[in-house]
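J.: Attaching a predicted model along with its sequence, questions to come.
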Amino acid sequence: MNLTSITVRRLTTEMLTPFTTSFGTQTHRDLLIVEARDDAGTVGYGECVAGAEPTYSEEATSTCEVALAEYVLPRLQNAAVEHPDDISTLLHPIKRNNMAKASVEGAVWDLWAKQQGISLSQALGGTKSRVDVGLSIGIKPTDAELLQAVGEAVEAGYRRIKIKIAPGRDLEMMRAVRREFPDEAIMVDANSAYTLDDAQLFAALDELNLMMIEQPLAHDDIVDHRHLQAAIRTPICLDESIHSLDDARKALELGSGKIINIKVGRVGGLTESLKIEQLCRESGVDAWCGGMLETGIGRAHNVAIASLDGFTLPGDTAPSARYWAEDLITPEVTMHNGQIEVPTGPGLGYEVKTAMLESLTTQEFTVQLR
Ligand SMILES: O=C(O)CCC(=O)C1=CC=C[C@@H](O)[C@@H]1C(=O)O
Ligand SMILES: [Mg+2]
């Protein structure tokens, strides 16, 4: 691949609307954009999806920046990289730090696809020309605000609506949603806010005909989830608990959940995501592409991986305008009739607005690879 350098940019972007989950509220994204360059000057782009604080997982923007500078990028210097799969092999000795690793690997995948003159979707083995789009709605202070947001999402044509829940904003709120929207494809995401002591709550939620309950229990658990799944009909979807193909295999063997949220950054990159997609597809297990409030760069990666057969359910890949007054890519990601067209151009298939990227960059560093 004639990789010559990797550049890591840190930037802060303000979100259009605050996003509240059981572990906090985000109003800005403090994120890293990674650029992989080859000797012809072609650039591949990746995005580090960690939040500003280590509250979704153990990674945060600052820990990823250090991991990239101190441990990840030095391992790529003078290394033989002929295919993006080589990146996860080279980085395997580094434990976890998945979001940091995924940001570099994603940039190399985009660069490789551009070098081959094919779309990232094609490079990954995608088959769909459009992907179904879901929307993730943060916790709203009142039921009226939530019902308004759900109504707008139904009106906009989203193929699935995900509603965040947390203790105190859960059962009665969801009963109100179901009274207003009895037939819509609706799921909840608890972001690990509950324990097995809340079994009664889940038995009541089980009556609401939800598509799934995402990550109800601890972020690093697959045993308690097994007990909860045995007690309710509603499929449990695992998000935070799944960091690798092995985690997914063990969780499915145990019966800890019936659906997997595949988040490229959480599992360490596209190569590992492909392995999990294959496991789910061959096991007849539903999977979908989770989101991390990405800019258009990370969103483009998500659209590409969501085009594979094994991504059977709508993902958290809502259009750019849902998150940003102006996105880092052109054209922006748009949705029609609840679907996003999968780009056919080389790599991500969107152009990165380099002047905007540079203007938002607060700090950057470049590592020469040879
Ligand atoms: O719209 C999106 O990008 C998905 C947003 C979303 O649901 C999440 C983003 C980041 C971390 C979590 O809070 C949550 C999730 O668990 O999926
Ligand atoms: Mg989730």
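T.: Arrived safely. Ligands and ions are numbered 1, 2, ... in the order given.
J.: wait, doesn't residue 294 sit right on residue 49?
T.: Yes. Residue 294 is within contact range of residue 49, at 6.0 Å (criterion: Cβ atoms under 8 Å). C-beta here means a position set from N, CA and C on the backbone, and glycine is covered the same way.
J.: Between these two, tell me which one has more neighbours.
T.: residue 49 (31 against 26; other Cβ atoms under 10 Å).
J.: and that one, what does it touch?
T.: 31, 99, 102, 103, 263, 264, 265, 266, 292, 293, 294, 298 (Cβ atoms under 8 Å, 6 or more residues apart in numbering).
J.: Spatially nearest residue to the last one, not counting backbone neighbours?
T.: Residue nearest to residue 298 in three dimensions, not counting chain neighbours: residue 47, with 3.5 Å by Cβ to Cβ, 6 or more residues apart in numbering.
J.: so which helix or strand takes in that neighbour?
T.: Using DSSP states H and E, residue 47 falls within strand 43-48.
J.: what about the residue nearest to residue 298, how many residues close to it?
T.: Neighbours of residue 47 (other Cβ under 10 Å): 28.
J.: re earlier: would you turn the contacts of residue 49 into CSV with distance to residue 113?
T.: What follows is those, written out as CSV (distance: Cβ to Cβ, whole Å):
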residue, distance to residue 113
31, 22
99, 21
102, 16
103, 16
263, 20
264, 15
265, 18
266, 22
292, 21
293, 24
294, 18
298, 16
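J.: Redo those residues as CSV? Include pLDDT.
T.: Below are those laid out as CSV (pLDDT from 0 to 100):
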residue, pLDDT
31, 97
99, 98
102, 98
103, 98
263, 98
264, 98
265, 98
266, 98
292, 97
293, 97
294, 98
298, 98
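J.: Out of those residues, the closest to residue 175 would be?
T.: Nearest to residue 175 among these: residue 293, at 27.9 Å, using Cβ to Cβ.
J.: Which single residue in this structure comes nearest to ligand 1?
T.: Of all residues in the chain, the one sitting closest to ligand 1 is residue 291 (2.5 Å; Cβ to the nearest ligand atom).
J.: gap between residue 35 and residue 102?
T.: 15 Å (Cβ to Cβ, to the nearest Å).
J.: Does residue 55 touch residue 26 like I think?
T.: No. The criterion here is Cβ under 8 Å, and residue 55 misses it with residue 26 at 9.6 Å.
J.: Neighbour count: the two, which is higher?
T.: Using other Cβ under 10 Å as the criterion, residue 55 and residue 26 rank with residue 26 on top: 19 against 15.
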